Every structure is written in C-alpha cells, then in structure tokens.
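> no FASTA, just this:
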C-alpha cells in the first residue's frame, strides 16, 4: 500500500489518496433503500458483497433513486429460476418494482436503465420482447433511456441484471 501511495512511510493513510471529509462542503445525504420481503441485502449473501441495493438522494425538491444491478435473487439472497431467462427477467422486474415502491416510486419515474445480459446474442430478442410488453402494459411514455451490455454477471446462475435510475418530485 505504501508503493501505491495509499499509506505513508509511518503507516498513516495518505490524504492525497483518501482526503478527509471536507467540512466546508459535506457529502450529500444518502438514504439506503430496502425491500426485504422481495430481495435481501447484498451484505447478507452467503458470500457477502459490499454495496447497497439502492440509494435515495434528496436534491432540491427531487428524490433520485439509484438502484444497483438487480437480478433474480430472492429474499434469502438465493438465485431464482436458474436456467430460465424469461423467469429471471420477470423476477428482476418484480425486485426492481418493489425497490421503487419502497420510496413511493414506480416505473413511470424511471429515466434510465442499464441492462446486462450474460449472452446478448442468444437472449436479447427475448429480453426486448418481454421489456416491450412490460413497458407497454405499464403505459410508459416516454420510455426510459437504456443501454444493453453483454457481461459476465456476479453469479454463474444469473442470466440478466438491471440497474435503474429514477427521479421524482419530493413530497
């Protein structure tokens, strides 16, 4: 860590790498969002992971919700519908819907999604068909901005994972 400049010669954390919290401009307040009846927290996985499911930011009369990559995981932190892409995608939508609802939001507040597919060539057609029917059923207009990416997901059993950004006026 000294070679990387993280620690000083006397084993102190280098302020050039990790500066102290600045008092003249404190960090924005962040609120952790939970939907425990649907999906557990990543730090409670059998192999814990260090991220929040979602964070809410309150910005000048608006709520911004940042939903981490969410997949077909149940309330016990176990994968659901192994090997079934369609069922995994629907379970992912259920999980995201419940995270949105935890903050009084819906898919109508979603402005952007990033969609990760393990095998985009094999699954994109089915993904787009389901996404289109889901968005049509919800009556979304305009549709959220989106990106589709082929990626190796955190567990071999997961076939799809979605990040969401949502914004609405605060009450």
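Sure, I can see it. Since the structure is predicted, the reported quantities are computational estimates derived from the model, not experimental observations.

> Show me the helices in the chain, by range?
Shown for the chain, the helices assigned by DSSP state H span residues 85-101, 120-138.

> Spell out which residues sit in contact with residue 131, please.
Counting by C-beta atoms under 8 Å, 6 or more residues apart in numbering, residue 131 makes contact with 89, 115. Placement of C-beta: from N, CA and C, glycine included.

> before we move on, back to that, ranking the helices of the chain by burial, who's on top?
Each of the helices of the chain was scored by mean neighbour count; the highest is helix 85-101, a mean of 20, by mean count of other C-beta atoms under 10 Å.

> Run through who's touching that one.
For helix 85-101, with C-beta under 8 Å, 6+ apart as the criterion, the contacting residues are 33, 35, 37-39, 53-54, 65, 67, 70-74, 80-81, 106-107, 109-110, 123, 126-127, 130-131, 134, 158-162, 164, 166.

> now the helices of the chain in a markdown table, with distance to residue 12?
Formatted as a markdown table, the entries for those read as follows, by distance: least, C-beta to C-beta, whole Å:
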| stretch | distance to residue 12 |
| --- | --- |
| helix 85-101 | 39 |
| helix 120-138 | 46 |
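
> As JSON lines, these with mean pLDDT would be great.
Rendered in JSON lines, the data for the helices of the chain read as follows (pLDDT from 0 to 100):
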{"stretch": "helix 85-101", "mean pLDDT": "97"}
{"stretch": "helix 120-138", "mean pLDDT": "97"}
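
> ok, back up a step: what's the ChimeraX syntax to select whichever of the contacts of helix 85-101 are buried?
Command for ChimeraX that selects the buried part of the contacts of helix 85-101, burial taken from 16 or more other C-beta atoms under 10 Å:
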select :33,35,38,39,53,54,65,67,70,71,72,73,80,81,107,109,110,123,127,130,131,158,159,160,161,162,164,166
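
> mind listing what the one residue sitting closest to the centre of the chain touches?
Closest to where the C-alpha atoms of the chain average out (C-alpha atoms, centre = their mean) is residue 68, at 1.5 Å. Neighbouring residues of residue 68 by C-beta under 8 Å, 6+ apart: 42, 51-54, 163.

> Go again with 6 Å.
With contacts defined as C-beta atoms under 6 Å, 6 or more residues apart in numbering, the neighbours of residue 68 are 51, 53.

> Now do the same for it: its pLDDT.
At residue 68, the pLDDT value in this model is 93.

> how near is it to residue 120?
Between residue 68 and residue 120 the distance is 20 Å, computed by C-beta to C-beta, to the nearest Å.
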